[in-house]
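Participant: From the sequence below, what's the structure:
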Amino acid sequence: MGKLVSTVFVSLDGVYQAPGGPEEDTSGGFDQGGWTFPYGDDDSGRFITGVFDSAGGFLLGRRTYEIFASHWPGKTDPADPIAARLNTLPKYVVSSTLTAPEWSGTTVVSGDLAKEVTALKERTDGELQISGSGALVRSLVDLRLLDTLHLMTFPVVLGEGRRLFGDGALPTRFTRRCGHVTGAGVSIQTYDLAGRPEYGSY
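Facilitator: Below is the predicted model:
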């Protein structure tokens, strides 16, 4: 069975809203797109490329899928390892309304999320990877289906936007596997889901 692995970019105040550029994701009036750009360096680039090297398929929420589908199909340089994998490996988009995806290799997942994702994990050779898609990540954490979370925390507070874990999230414990801080100050930490929190007193 493949592992379900998520990579999420977050601000210090937990915002995960699409970071790529000013026009990428303005939903809810968000006008701070491009917030990760000043922190891009070779360290983070190597990490992201390494993550994609382990991909066997991609699971995406509807909003992230639409952002990706408007960009990556036009990137056809075979030397681009991220574009090559996104354009050739299977893609699964969770949606109850999308019926005719145009990005080649896309399958719509619209049934019972737990059942469908469990089946996808079983038949994926390599990691089934989620990029962004915070609402989907939260649902999969709550369902205890996410195996690993790569959390890239950028040294910036945005003060608005969608937050990865807010009120109502199911209490969950993670175990840190590894991590480092890039030269630009981005904390990259890898966590494995470990179940419910443990409690005690001092």
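Participant: What's the separation between the nearest residue to residue 129 once chain neighbours are set aside and residue 126?
Facilitator: Using CB to CB, 6 or more residues apart in numbering and skipping residues adjacent in sequence, the residue nearest residue 129 is residue 55, 4.8 Å away. C-betas here are computed from N, CA, C, even on glycine. Shown here: residue 55 relative to residue 126, a distance of 6 Å by CB to CB, to the nearest Å.
Participant: which of these two has more neighbours?
Facilitator: Neighbours around residue 55 and residue 126, counted as other CB atoms under 10 Å, are more numerous at residue 55. The numbers are 21 against 15.
Participant: need the helices for the protein, in chain order.
Facilitator: Chain-ordered helices for the chain, with DSSP state H as the definition, fall at 42-53, 62-69, 81-88, 113-123, 134-142.
Participant: Report the central residue of the chain.
Facilitator: To find the centre residue of the chain, average its C-alpha atoms and take the closest one (CA atoms, centre = their mean): that gives residue 131, at 2.5 Å.
Participant: Pretty sure it sits against residue 61.
Facilitator: No: checked against CB atoms under 8 Å, the pair residue 131 and residue 61 is beyond contact range at 9.6 Å.
Participant: residue boundaries of the strands in the chain?
Facilitator: For the chain, the strands defined by DSSP state E occupy 4-11, 55-61, 91-94, 106-109, 127-131, 148-154, 173-181, 187-195.
Participant: With respect to burial, which of these scores highest?
Facilitator: The densest packing among those, expressed as mean neighbour count by mean count of other CB atoms under 10 Å, is seen in strand 127-131 with a mean of 25.
Participant: quick one: that strand to helix 81-88, angle?
Facilitator: Between strand 127-131 and helix 81-88, the angle formed by their directions is 110 degrees, by axes from the mean of the first three to the mean of the last three CA atoms, to 10 degrees.
Participant: Show me what strand 127-131 packs onto, helices and strands only.
Facilitator: The elements that strand 127-131 packs onto, with contact taken as 3 or more CB pairs under 8 Å, 6 or more residues apart in numbering; DSSP states H and E, are strand 4-11, strand 55-61, helix 113-123, helix 134-142.
Participant: Quick check: which of the ones you listed is nearest to residue 102?
Facilitator: strand 55-61 (14.2 Å; CB to CB).
Participant: tilt between that closest one and helix 113-123?
Facilitator: With the same axes, to 10 degrees as the basis, strand 55-61 and helix 113-123 are set at 170 degrees to each other.
Participant: hey, C-alpha coordinates of strand 55-61 in CSV?
Facilitator: Once side chains and other backbone atoms are set aside, the C-alpha atoms of strand 55-61 remain, and they are given as CSV (Å, rounded to 0.1, in the frame of the first residue of the first chain):
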residue,chain,number,x,y,z
ALA,A,55,5.3,10.5,-6.1
GLY,A,56,3.3,7.7,-7.7
GLY,A,57,0.1,9.8,-8.1
PHE,A,58,-1.5,13.0,-6.9
LEU,A,59,-4.7,13.7,-4.9
LEU,A,60,-6.0,17.2,-5.0
GLY,A,61,-8.8,19.3,-3.7
